[in-house]
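J.: Have a look at this fold, sequence not included:
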């Protein structure tokens, strides 16, 4: 998960769900239901915006660019239901945008995929992901620069 990765990076520290770089708060991190606990603290009832909870693998709110990054990790070793899940980014980003609209933030949806998805039969779905505004993917890692977080020395 993202927090495990970021803890290993020089000059980054984690306290609860708060991410610090050189002792400055730079981001917040949420897993699964953690996003909804945060929204409750902000006085937001998700049921007023979407009909069913979406449970993201990771959500990173980067303070400097006022953006929530919804991160879904999809690792596959055999054909299966993940194939169809990759085709849902348009629906999901719309749902997250509705859910987070009152916070006046940007929302982006990123898949982290393993090498299984480099096969030629995934070309169309990968092209689709990129074609959806605010959706993207990376193989096996997520660059901190993509999130707008500082790169350690």
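T.: In hand now; what should we look at? Keep in mind that what you see is a predicted model, and the values were worked out from it rather than measured.

J.: C-alpha from now on. contacts and neighbour counts both.
T.: Will do.

J.: mind checking how far residue 65 is from residue 104?
T.: 12 Å (C-alpha to C-alpha, to the nearest Å).

J.: okay, those two: which has more neighbours?
T.: residue 65 (14 against 10; other C-alpha atoms under 10 Å).

J.: which residues touch the residue nearest to residue 67 when sequence neighbours are not counted?
T.: Using C-alpha to C-alpha, 6 or more residues apart in numbering and skipping the chain neighbours, the partner closest in space to residue 67 is residue 106 (4.5 Å). Applying C-alpha atoms under 8 Å, 6 or more residues apart in numbering to residue 106 gives the contacts 66-68, 97.

J.: can you pick the most crowded of those?
T.: Most surrounded of the contacts of residue 106: other C-alpha under 10 Å gives residue 68, at 23 neighbours.

J.: Report the beta-bridge partner residues of that one.
T.: With DSSP bridges as the criterion, residue 68 is bridged to residue 61, residue 107.

J.: From what I see, it and residue 35 are in contact.
T.: No: here residue 68 lies out of contact with residue 35, judged by C-alpha atoms under 8 Å, at a distance of 10.4 Å.

J.: Where do the helices of this structure begin and end?
T.: Remark: helices assigned in the chain by DSSP state H are 2-7, 34-41, 82-85, 89-100, 123-131, 144-147.

J.: can you list those helices in TSV and add mean pLDDT and distance to residue 116?
T.: Listed next are the helices of the chain as TSV, based on pLDDT from 0 to 100; distance: least, C-alpha to C-alpha, whole Å:
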stretch	mean pLDDT	distance to residue 116
helix 2-7	87	21
helix 34-41	95	29
helix 82-85	76	11
helix 89-100	96	19
helix 123-131	95	12
helix 144-147	93	22
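
J.: any idea which of these is most buried?
T.: The highest average neighbour count among the helices of the chain, using mean count of other C-alpha atoms under 10 Å, belongs to helix 89-100 at a mean of 18.
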